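S.K.: Sequence plus the predicted model coming up.
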Amino acid sequence: MPATHSLDSTGKGVLAYFLAALGFTWAVHFSIIVFSVPFSMDISTPGMKLYLLGLAGPLFAAVAVSAREAGADGVKHLLSKALKWRFPLRWYLAAILLLPAINLANILIFHDRVPDRFAWFSVTPVLIVGQIWVVVAEEFGWRGFALPRLQSIFGSLGATLVLAPIWAIWHLPMFFVPGSPQYSENVPASLAAYAFVLICLSIMLTVLYNRSNGSVLACMLFHAFLNIAAFTIRVPSEIDISRYVIFGVAVLAITLLDRPLFGRPGVGVPRK
């Protein structure tokens with residue numbers, strides 16, 4: 001596993017982080033529902049502006065708890081993880097190309113069932129710029145702050161299985177907001193399916209984080225291109241096999257996770 005910086009092995013810091021991240025985001029996102037704020041994916045709508053503000057929960061929590069734990073040095077250490085760019089090229093390629101390739105494969109395999117050629121593809125500058133905010137707001141928290149602390153307690157796979165469901169629950173308010181990507185009339189079933197996909201993606205993100213020696217940049221790239229692919233390569237639902245492929249990739253990715261998979265480093269199977 002990558003080197004850590006005075007991690008709190010009791011878990012109090014990461015618990016405080018989760019409470020702050022969920023509290024901040026839920027307060028903002030649930031206000032869209034409570035106050036019936038108009039929402040659409042158009043950046044100009046009040047609901048979308050509140051949505052983007054609420055995404056700052058993980059960043060706010062990570063900075064706040066880091067400052068409480070280690071002052072300015074703690075915050076600098078957290079933010080410096082986005083500057084770790086020296087890691088093998090293969091992990092850059094994995095971060096940027098893996099998820100778009102999976103989505104594009106649906107189109108190429110089932111091209112005869114796509115209604116109009118290229119009708120499935122749409123990209124805008126606003127989408128790309130928006131993803132910069134999304135990954136900055138989220139990844140300093142989920143992977144930069146929480147993941148290394150959880151790995152020091154639960155091991156690499158154990159930490160991922162703790163983090164991913166919380167990441168899914170963090171999105172809960174948007175399952176009740178019509179027009180949002182998560183909206184559903186059957187929230188329990190949709191949330192369970194969503195959590196399953198996030199667990200698979202989180203396994204890949206843990207591999208990226210560890211193999212890039214703790215680079216949040218690697219995780220930001222993966223997260224950004226995951227979302228861009230989801231919004232630009234519009235796969236018709238009847239031919240979408242992405243989640244099955246993602247599950248298969250996640251199963252294979254477990255072999256690349258640092259040991260121990262469960263338990264504190266140094267206990268049981270030695271780390272790589």
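M.R.: Arrived safely.
S.K.: For the helix or strand hosting G71, buried residues please.
M.R.: Element membership of G71, judged by DSSP states H and E, is helix 57-80. Buried residues in helix 57-80, counting neighbours by 16 or more other C-beta atoms under 10 Å, are found at 57-66, 69-70, 74-75, 77-79. (Glycine included, C-beta is placed from N, CA and C.)
S.K.: just how off-centre is the helix-or-strand element of the chain with minimal mean pLDDT within its chain?
M.R.: In the chain, the helix or strand scored least confidently by mean pLDDT, DSSP states H and E is helix 125-139, which has a mean of 88. Offset of helix 125-139 from its chain centre (C-alpha atoms, centre = their mean, to the nearest Å): 12 Å.
S.K.: and if you look at stretch 229-240?
M.R.: 19 Å.
S.K.: and P236, what pLDDT?
M.R.: We have a pLDDT of 70 for P236.
S.K.: List phi and psi for it.
M.R.: For P236, the backbone dihedrals are phi -60, psi 140 (criterion: degrees, to the nearest 10).
S.K.: what's the answer for S180, then?
M.R.: Per degrees, to the nearest 10, the backbone of S180 is at phi -80, psi 160.
S.K.: Correct me if wrong: it contacts F39.
M.R.: Yes. Counting by C-beta atoms under 8 Å, S180 touches F39, with 6.6 Å between them.
S.K.: what sits in contact with each of those two?
M.R.: Shared contacts of S180 and F39 (C-beta atoms under 8 Å, 6 or more residues apart in numbering): Y51.
S.K.: the strands in the stretch 101-250 of the chain, which residues?
M.R.: Taking DSSP state E, counting those that start in this stretch, the stretch 101-250 of the chain contains no strands at all.
S.K.: what bits of it have low per-residue confidence?
M.R.: Residues of the stretch 101-250 of the chain meeting the criterion pLDDT under 70: 111-125.
S.K.: now the helices: where do they sit in it?
M.R.: Counting by DSSP state H, counting those that start in this stretch, the stretch 101-250 of the chain has helices at residues 125-139, 147-154, 156-170, 187-211, 216-232, 242-253.
S.K.: Report the angle between the last one and helix 156-170.
M.R.: Between the direction of helix 242-253 and that of helix 156-170, the angle (axes from the mean of the first three to the mean of the last three C-alpha atoms, to 10 degrees) works out to 150 degrees.
S.K.: What lies in contact with helix 242-253?
M.R.: Helix 242-253 is contacted from outside by 98-99, 102-103, 105-106, 193, 196-197, 199-201, 203-204, 207, 235, using C-beta under 8 Å, 6+ apart.
S.K.: Check the residues you listed and tell me the two furthest apart.
M.R.: Spatial extent of the contacts of helix 242-253 (C-beta to C-beta) is set by the pair V207 and V235 at 24.4 Å.
S.K.: how many other residues sit next to T45?
M.R.: 15 (other C-beta atoms under 10 Å).
S.K.: what are the phi and psi values for it?
M.R.: Dihedral angles for T45 - degrees, to the nearest 10 - are phi -80, psi 150.
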